[in-house]
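Chemist: Here you go, sequence then predicted model.
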Amino acid sequence: MRKKALLALMMAAVLLLSGCALIQKDQAVDDATEIIRMGDKVYTKIQVKAAAQQELINKAQTYSMFGYAYDMTDPANIAEAQEAAVKALKEDLTLTAKAAELGFDQLTDEELEAVKAKAQESYDNMVNTAKQYVEGKDEMDEAALTEAAVKMAEDAGYTMENRTESATKDAVSAKLKEYAVKDVAVTDEEIQAEYDSKVESNKETYAENAASWAATANNGYTTLYYTPAGVRRVKQILVKFTEEDQTAIKDANTKLSDANTARTAAQDKVDAAQKVLDTEGITDEEKTKAEADLTAAKQELDEADKALLAANQAVTDATDKAFANIDEKADTVVAQLAEGGDWQKLTDEYNEDTGMKDNEKGYAVAAGMSGFDAAFVDAAMALEKIGDVSPKTKGQYGYYIIRYESDEAEGPIALDTLKETISSSLLNTKQNDTYEATLAQWVEEAGIKVDMNALKD
């Protein structure tokens, strides 16, 4: 009996192990299922699924950056990720073959050096980023921290080897794109058409909104094609509050904000107690409690009003003191300007507005614009003619002394000043479109076979 039992256990173990082996073998076979083939180059099911999983992760991270959720288990999202992964892998096979065909996979010594430098920069950036997340980094010396960061980066898949591989692929791809778009050019007719379109669009946007145009012009990030009426350029000498006074005003305003919050809370209590008293059919006990609550709330509101009044006065006092501390300096600037002093020389000596540095045209200003202190805008727009200088004007940051520099001419901005920008933008778009079309053609001609059905579990 004991021998039979032992034999039975041994047989069970054999069956279990053989079953596990069969399951493992089946999984291995499934993983090795061919999904994409181009000649003797193959991407298997496990490779395609890994690429699709990375697509899902990238999409989820992008959604997360903008505060949105992304369901990586949604079948529709998975299918979309698989399609994207297959497309990318087909393009990768095609570009590798095309590069070999054209000899672009053979990099010159200069190109190899550039690849090496790019790979090193990418790797170093990743290690430096990893340093910020090393546990216990504050207790480590630089050598230990670097070692830990290197391990963290490599555990995450970032090595010099794969950074070099990536940089090499980028270099080869750049050569392929250059080859594909070598004959792409932009005509004068296309530039003129784009210019006309942009002018009309800008006119529609800004013709009745000079304030928006001025704000856009000041940010410097957007190319403008049309100028509405009512925009002028001004420069200023800012005599700024001392750092000590800035801190005092900030602290006073914080206390004012707290006092406003406290007053609102006290008023809410008064309103709540009064609401109970105004309710029909309340009991005597409820009425007595509400009356007591109302009395207490009114007392709290009275104290809050006094505190708010004091907080407002504190802001006024701190601000008055701040202006008093810079009066002499501002008066000196104003007096020298009145005596014919050189604006640029006085700017170099007294101005504390960093935004004026290297700002040759000055700020664009229009009535009612936001983004600037209203006191600055009002003073700038009150100047009557070009060359006029404002008196010292109290503002959020100190005293503004403003000079009316010029008027922006209403109408389309001259094509000559925009031609290079338009041409560059159009060329970039045409090159990208041409490359995408050429790549699609190369993929079509490559004869790649894909079995999407085999991706299904």
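Modeler: Yep, that arrived.
Chemist: show me where pLDDT drops low in this structure?
Modeler: Along the chain, segments meeting pLDDT under 70 span 1-25.
Chemist: And the strands in it?
Modeler: 34-38, 41-44, 226-227, 232-240, 363-365, 393-394, 398-407, 411-412, 449-450 (DSSP state E).
Chemist: Extract the CA atoms of the second one and return them as PDB.
Modeler: In PDB, the C-alpha atoms belonging to strand 41-44 read as follows (Å, rounded to 0.1, in the frame of the first residue of the first chain):
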ATOM      1  CA  LYS A  41      12.900  40.000 -40.700                       C
ATOM      2  CA  VAL A  42      10.200  39.100 -38.300                       C
ATOM      3  CA  TYR A  43       8.400  40.700 -35.400                       C
ATOM      4  CA  THR A  44       6.700  38.100 -33.100                       C
END
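Chemist: Parallel or antiparallel, list what pairs with that strand.
Modeler: Sheet partners assigned to strand 41-44 using DSSP bridges are listed as strand 34-38 (antiparallel).
Chemist: hang on, the earlier thing: would you tell me which one of the strands of the chain is buried the most?
Modeler: Of all the strands of the chain, strand 363-365 has the most neighbours on average by mean count of other C-beta atoms under 10 Å, namely a mean of 25. (Glycine included, C-beta is placed from N, CA and C.)
Chemist: Now D258. Nearest residue, chain neighbours left out?
Modeler: Once flanking residues are discounted, D258 sits nearest to A311: 7.6 Å by C-beta to C-beta, 6 or more residues apart in numbering.
Chemist: re the thing from before, let's have the strands of the chain in CSV, adding distance to Y206.
Modeler: Formatted as CSV, the strands of the chain follow (distance: least, C-beta to C-beta, whole Å):
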stretch, distance to Y206
strand 34-38, 51
strand 41-44, 52
strand 226-227, 6
strand 232-240, 15
strand 363-365, 12
strand 393-394, 27
strand 398-407, 16
strand 411-412, 11
strand 449-450, 50
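Chemist: List the residues that contact the residue nearest to A446 when sequence neighbours are not counted.
Modeler: Closest residue to A446 apart from its sequence neighbours, by C-beta to C-beta, 6+ apart: T94 at 4.7 Å. Counting by C-beta atoms under 8 Å, 6 or more residues apart in numbering, T94 touches 38, 439, 442-443, 446, 448.
Chemist: Among the residues you listed, name the ones in helices.
Modeler: Using DSSP state H, 439, 442-443 are the members of those that sit in helices.
Chemist: Same list, these, but as CSV with neighbour count and distance to R232 please.
Modeler: CSV is the format used below for those (neighbours: other C-beta atoms under 10 Å; distance: C-beta to C-beta, whole Å):
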residue, neighbour count, distance to R232
L439, 19, 50
W442, 18, 55
V443, 18, 55
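Chemist: Looking at those, which is nearest A296?
Modeler: Using C-beta to C-beta, L439 is the member of the ones in helices among the contacts of T94 that sits closest to A296, with 75.7 Å.
Chemist: isn't the closest one right up against K90?
Modeler: No - the pair L439 and K90 fails to qualify as a contact (C-beta atoms under 8 Å) at a distance of 9.9 Å.
Chemist: thinking again about what came up before, just name the closest of the ones in helices among the contacts of T94 to T33, please.
Modeler: The shortest approach to T33 among these belongs to V443, at 21.8 Å (C-beta to C-beta).
Chemist: out of everything not next to it in sequence, what's closest to the closest one?
Modeler: T94 (4.7 Å).
Chemist: separation between that neighbour and I448?
Modeler: According to C-beta to C-beta, to the nearest Å, T94 and I448 sit 7 Å apart.
Chemist: any shared contact partners between those two?
Modeler: Common neighbours of T94 and I448 (C-beta under 8 Å, 6+ apart) are M38.
Chemist: so which of the strands of the chain comes closest to K275?
Modeler: Closest among the strands of the chain, using C-beta to C-beta: strand 393-394, at 43.5 Å.
Chemist: hey, where'd the helices end up in this protein?
Modeler: So, for the chain - with DSSP H - the helices run 2-31, 45-65, 75-102, 109-131, 142-155, 160-180, 188-206, 210-219, 243-277, 284-338, 343-350, 374-382, 415-445.
Chemist: Taking strand 34-38 as reference, get the angle to the third one.
Modeler: With axes from the mean of the first three to the mean of the last three C-alpha atoms, to 10 degrees as the criterion, the two stretches helix 75-102 and strand 34-38 enclose an angle of 30 degrees.
Chemist: in helix 75-102, what counts as buried?
Modeler: Buried residues in helix 75-102, defined by neighbour count with 16 or more other C-beta atoms under 10 Å: 77-78, 81-82, 84-86, 89-99.
Chemist: Surely the residue nearest to D258 and T261 touch.
Modeler: No - between A311 and T261 there is no contact under C-beta under 8 Å: 10.8 Å.
Chemist: Those two: which has the busier surroundings?
Modeler: Per other C-beta atoms under 10 Å, whichever of A311 and T261 has more neighbours is A311, with 21 against 12.
Chemist: Now do the contacts for the more buried one.
Modeler: Counting by C-beta under 8 Å, 6+ apart, A311 makes contact with 252, 255-256, 258-260.
Chemist: Are any of the residues you listed buried, and if so which?
Modeler: Listed as buried from those are 252, 255-256, 259; burial here means 16+ other C-beta under 10 Å.
Chemist: hmm, back to that, please determine how far the residue nearest to A446 is located from Q106.
Modeler: On the measure of C-beta to C-beta, T94 and Q106 end up 18 Å apart.
Chemist: repeat for A338
Modeler: Taking C-beta to C-beta, one finds A338 at 73 Å from Q106.
Chemist: Since that was my last question, I'll sign off now.
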